[in-house]
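Q: Just need the structure, nothing else, for what follows:
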Amino acid sequence: MDRIEFFREVFEGSASMDHNEITNIRLNADGSAIVILDQAALPGETKFVELRTVEEMHNAISTLMVRGAPAIGIFAAFALYIVARRSTAENYGDFRDEIMRSSAFLNSSRPTAYNLENQLRRMEALVAGLAGEPLPSIVGAMRREAESIQDEDARMCRAISEYGLSLISDGNGVMTYCNAGPLATSRFGTALGPIMLAKELGWDLHVYSCETRPLLQGARLTAYELNSAGIDITLICDNMASIVMSGGKVDAVFAGCDRLARNGDAANKIGTSGLAIIARHYDVPFYVFCPSSTFDPGCATGKDIDIELRSQSEIKELHFSAPVAPADVKCYNPAFDVTDNGLITAIVTEKGIFNAPYDKTLAKLL
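A: Numbers count the residues shown, from 1 in each chain. Model (predicted):
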């Protein structure tokens, strides 16, 4: 029995979920609104918000109240269900047009993460395939499809976590970037999933979490999740990664991914590419984790990925008690960068661990 089979046996169990128990994204009691855990308020406040209109749901994505590529995709699927449930259309044509308009609007909220577009297209295809059915039947099917997307993500994240656990050993040091834990997915997480499973096994890992912009997601969310789970974690500023690696404290770097190109180039939160370059210098393995729903077969290379630019205020003001830069100074605030496939040791998905040449191996995800 190899390590992956062993871990799968240890953690064997269904990843299916009771949708009334999900905390980060769920429907309210009567199914009329989406309830989300507001990630923008963490860690200072644990706040749940109900969203009913497409404008509110677009704002929740763009302001990072809900974030993480898989979580955004799940949220978008439920968002279209809420749009359908609230629709006053009296015929299929008007109903379909409303769904398509709302889907395009939601997709404009964040351009880089592929799961958003991917799951919206899936919901659109469902509606198109049910042309001629009674509208209430279509609405019910949309709810079931959104729940299926959420269930599938949980199973994918569990498998990703099991594969990832085979890449590390008890006593290792792991550096993380961005936030790729349960908050960013349905359950378990992607890049943080193996660390969570290692804790269940009683392993003694030490995690170095980079703070990660935008919105200091590593400091606010990764540190929050791992600390709450009782995992030994040290928070560092992004520009401290080199000195930590130089001391031999890091055995692997785990990073998430928001869009994966066919050639293995990976878009993730800004600074991931620089961290991969540092890891290469110190000969530290650099692993990218993502579900197959993040793989964009229409994207040939990282040069084809649209990089989101965010507000200058996030650099100068957000999370500070007073501005830290002159009010009129210009700022450049991209939310993502692209890590060249040549810097990636392996890409971990629910379908296995993929190595270079990625343009050949990732074809299996199709």
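Q: Check Gly202 and give its pLDDT.
A: The predicted local confidence for Gly202 comes out at a pLDDT of 96.
Q: whoops, Val288 was the one
A: Listed pLDDT for Val288 reads 98.
Q: tell me which residues in the longest helix that the chain contains are buried?
A: If you go by DSSP state H, the chain has its longest helix at helix 135-165. Using 16 or more other Cβ atoms under 10 Å as the burial criterion, the residues of helix 135-165 that qualify are 135, 138-139, 141-143, 145-147, 149-165. C-beta coordinates here come from the backbone N, C-alpha and C atoms, glycine included.
Q: Next, the angle from the helix or strand just after it to helix 135-165.
A: Following helix 135-165 in sequence order, the next helix or strand is strand 173-177 (DSSP states H and E). Angle of strand 173-177 versus helix 135-165, following axes from the mean of the first three to the mean of the last three Cα atoms, to 10 degrees, is 150 degrees.
Q: got the contact list for strand 173-177?
A: Around strand 173-177, the neighbours that count as contacts under Cβ atoms under 8 Å, 6 or more residues apart in numbering are 168, 191-192, 195, 205-210, 212, 218, 222, 241, 244-245, 249-256, 268-269, 271-272, 275, 284.
Q: What about those, which are in helices?
A: Of the positions in those, 195, 241, 244-245, 272, 275 sit in helices, assigned by DSSP H.
Q: Return the member of the residues you listed nearest to Leu80.
A: For those, the residue nearest Leu80 by Cβ to Cβ is Thr272; the value is 29.9 Å.
Q: got a list of what the closest one touches?
A: 177-178, 255, 266, 336-337, 339.
Q: helices and strands of this protein: which one has the lowest mean pLDDT?
A: For the chain, the helix or strand with the lowest mean confidence is helix 3-10, at a mean of 48 (criterion: mean pLDDT, DSSP states H and E).
Q: Which elements pack onto the longest helix of the chain?
A: Using 3 or more Cβ pairs under 8 Å, 6 or more residues apart in numbering; DSSP states H and E as the contact criterion, the neighbours of helix 135-165 among helices and strands are helix 3-10, helix 69-86, helix 92-107, helix 114-129, helix 193-201, strand 286-289, strand 346-349.
Q: how about CSV for the ones you listed, with distance to Ile36 and mean neighbour count added?
A: What follows is those, written out as CSV (distance: least, Cβ to Cβ, whole Å; neighbours: other Cβ atoms under 10 Å):
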stretch, distance to Ile36, mean neighbour count
helix 3-10, 31, 14
helix 69-86, 7, 26
helix 92-107, 14, 17
helix 114-129, 15, 20
helix 193-201, 21, 21
strand 286-289, 23, 26
strand 346-349, 26, 24
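Q: Could you tell me how many residues sit around Ser292?
A: 17 (other Cβ atoms under 10 Å).
Q: Pro134 versus that one, what's the distance?
A: In this structure, Ser292 and Pro134 are 33 Å apart, going by Cβ to Cβ, to the nearest Å.
Q: Quick one: low-confidence residue ranges for this structure.
A: Residues of the chain meeting the criterion pLDDT under 70: 1-22.
Q: The same query, at a cut-off of 50, please.
A: Regions of the chain meeting the criterion pLDDT under 50 cover residues 1, 3, 6-16.
Q: How is it partitioned into domains?
A: In the domain annotation for the chain, the residue ranges read 3-157, 168-365 (automatic domain parsing).
Q: How about the contacts made by the nearest residue to Leu260 once chain neighbours are set aside?
A: Once its chain neighbours are removed from consideration, Leu260 has its nearest residue in Phe295; the separation is 4.7 Å (Cβ to Cβ, 6 or more residues apart in numbering). Contact criterion Cβ under 8 Å, 6+ apart gives 114, 260, 262, 349, 362, 365 as the residues in contact with Phe295.
Q: Next: Leu192.
A: By Cβ under 8 Å, 6+ apart, the contact list for Leu192 reads 176, 179-182, 222, 225-226, 254.
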